[in-house]
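J.: just a sequence and a predicted model for now, questions to come.
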Protein chains: 2
Amino acid sequence: MNKYPNQTPLLLAVDCIIFGYDGIELQILLVKRAMEPAKGQWSLMGGFVGPDENIYHAVERVLETYTGLKDVYLDQFKIYGDPKRDPIERTASVAYFALIDINKYKAQINDVYEAKWFPINEAPELIFDHDLMVEEAKARLRYKAAFHPILFELLPKKFTTPQLQNLYEQVYNTKIDNRNFLRKLASSGLLIKLTEKDKSSSKRGAFYYKLDNTKYKTKFQSFINFIPNPEQLVF
Amino acid sequence: MNKYPNQTPLLLAVDCIIFGYDGIELQILLVKRAMEPAKGQWSLMGGFVGPDENIYHAVERVLETYTGLKDVYLDQFKIYGDPKRDPIERTASVAYFALIDINKYKAQINDVYEAKWFPINEAPELIFDHDLMVEEAKARLRYKAAFHPILFELLPKKFTTPQLQNLYEQVYNTKIDNRNFLRKLASSGLLIKLTEKDKSSSKRGAFYYKLDNTKYKTKFQSFINFIPNPEQLVF
DNA sequence: CCAAAAGTGTTATCGCTACACCCATGA
DNA sequence: TCATGGGTGTAGCGATAACACTTTTGG
């Protein structure tokens, strides 16, 4: 077939900012880059979009390759296209943030890739513009999580409300009044209380909850304000 | 310099969904495509990202070429990358929606391009996946405008509150109680009342207002809920 | 004087925030 | 028994939504 004349093509890639939560801190998953340039330096997980492959498929493939996970929550938040961002060849990169259950990942650890979780504030310097991507991904995560219950994606099937509250506190770097938080949570109707308790972090134990998946799906589009005074959020 | 081996490059383009408001309806600006394929069919305004050109620069260039306008409100909302979306050659397209003052555009009319404003619900069928882009741009516009005062970008320097309310009603396809609307508007502090009246749409006349640009900038990041019950918005 | 659009107040409800103490348990 | 983290209630405030009539004026 004919082509458009006089146009300069470029490479298209995807990069993932993969967030996880270990019950204490928000983490990101990084990998040691396996190819030149910058081989051996820390980087986001990414890959080129293949011929005949659509972009979403490419991210899913990259994620599965590096983490073994499918059906992960993914949010395409920006494309980075500075002509000089990759010194080897012009490459535009579609950035996604992913939210995964860190425990599911652990089960799949794959030592082919040198991958490592880092607490969000202790991550090493990354190649190219990946540090910028991480910053912007964090901002977008905050923005979106202020109104949509996406942070549940970071938790295991069974979790406790203190865990959940701590997660919100980590993401927003703030203290939340736990009575108000639990009231909002209850009124959201998203949680189902289980009879079992988690005794690992206190003597009294905290009840496990699970997501009400039906309500989760129907309420996902709703704006639920889990964060006090979200006016300051940058987007 | 060396290149990445075995990667297939593609073309990168930008497409703009340009919204305008004539005081009555929300409109989009379309153009008759000047090249094959689909020459002569209606299309969004777009163009290829040049070598050594960053993406944002490309949109700005495209917008200025077609509308004569600079410094337009632009929001990059998605990249469309289906391998078959352009039948000639694989092209990924970064979609932006733009909000412009339709009067400024009129002053710049440029008959080199066959461009035409269409009421949003009376637009013709578009090429490729442009209809999908328009639908998704509308959804994003609604989403964002529910919390950020971006719709002011569609109005001329001087405007009346009935015009503004009608704009919100058009965008959300709903009736808004005007006492509540005006109260929210007043409490936002974004408007400065002028002494002049617009008599064009009523005998009594409606006061003109202008934006308080300082407050607009500081409040832009704030969430201002101009729409009752925004819970249903899709994003 | 009348039609047509602009402009104006009140009330009830709801959701949010601030705030401090008791409970359960293992060690 | 005590240290630790889990869990609970209330009151005041502010924002929202529902609701209808008066004002202005050109024709």
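T.: Everything's here; your move.
J.: same for the helix or strand of chain A with the lowest mean pLDDT, what does it pack against?
T.: Least confident helix or strand of chain A, by mean pLDDT, DSSP states H and E, is helix A:102-107 with a mean of 85. Using 3 or more Cβ pairs under 8 Å, 6 or more residues apart in numbering or on different chains; DSSP states H and E as the contact test, the elements touching helix A:102-107 are strand A:11-21. For glycine as for every other residue, the C-beta is placed from the backbone atoms N, C-alpha and C.
J.: what is the subsequent helix or strand relative to the strand it packs on?
T.: For strand A:11-21, the following helix or strand on the C-terminal side (DSSP states H and E) is strand A:26-32.
J.: distance between that next one and the chain's centre?
T.: Mean-position distance between strand A:26-32 and its chain equals 10 Å (Cα atoms, centre = their mean, to the nearest Å).
J.: and if you look at stretch A:99-107?
T.: Using Cα atoms, centre = their mean, the offset of stretch A:99-107 from its chain centre is 11 Å.
J.: same check on stretch A:120-131?
T.: With Cα atoms, centre = their mean, you get 15 Å for stretch A:120-131.
J.: repeat that for stretch A:207-224.
T.: Using Cα atoms, centre = their mean, the offset of stretch A:207-224 from its chain centre is 18 Å.
J.: can you mark which positions in that stretch are buried?
T.: For stretch A:207-224, burial by neighbour count (16 or more other Cβ atoms under 10 Å in any protein chain shown) applies to A:Tyr208, A:Tyr209, A:Lys210, A:Leu211, A:Lys215, A:Tyr216, A:Lys219, A:Ser222, A:Phe223, A:Ile224.
J.: near chain B, from the residues you listed?
T.: The subset of the buried residues of stretch A:207-224 within reach of chain B, by Cβ under 8 Å from any Cβ of the partner chain, is A:Ser222, A:Phe223.
J.: quick check, nearest of the buried residues of stretch A:207-224 to B:Leu185?
T.: B:Leu185 has its nearest neighbour among the buried residues of stretch A:207-224 in A:Phe223, at 20.7 Å by Cβ to Cβ.
J.: and that closest one, how far from DNA strand C?
T.: Plainly put, A:Phe223 is 9 Å away from DNA strand C if you go by Cβ to the nearest atom of the strand, to the nearest Å.
J.: count the neighbours of the closest residue to that residue other than its chain neighbours for me.
T.: Nearest residue to A:Phe223 in three dimensions, chain neighbours excluded: A:Phe147, at 4.2 Å (Cβ to Cβ, 6 or more residues apart in numbering or on different chains). A:Phe147 has 23 neighbouring residues, counting by other Cβ atoms under 10 Å in any protein chain shown.
J.: quick check, A:Phe147 in contact with A:Ile224.
T.: Yes. Between A:Phe147 and A:Ile224 a contact is recorded at 6.4 Å, counting by Cβ atoms under 8 Å.
J.: give the contact list for A:Lys158.
T.: A:Leu194, A:Glu196, A:Asp198, A:Tyr208, A:Tyr209, A:Lys210 (Cβ atoms under 8 Å, 6 or more residues apart in numbering or on different chains).
J.: quickly find the element holding the closest residue to the last one other than its chain neighbours.
T.: Just to be clear, that refers to A:Lys210. In this structure, A:Lys210 finds its nearest non-sequential neighbour in A:Ile192, 5.2 Å apart by Cβ to Cβ, 6+ apart. Using DSSP H and E, A:Ile192 sits in strand A:191-198.
J.: tell me the buried residues in that strand?
T.: Using 16+ other Cβ under 10 Å as the burial criterion, the residues of strand A:191-198 that qualify are A:Leu191, A:Asp198.
J.: next: stretch A:116-134.
T.: A:Trp117, A:Ile120, A:Ala123, A:Leu126, A:Ile127, A:Phe128, A:Asp129, A:His130, A:Met133, A:Val134.
J.: any idea how far that stretch is from the chain center?
T.: 13 Å.
J.: what about that stretch, start to end distance?
T.: Terminal residues of stretch A:116-134 are spaced 15 Å apart (Cα to Cα, to the nearest Å).
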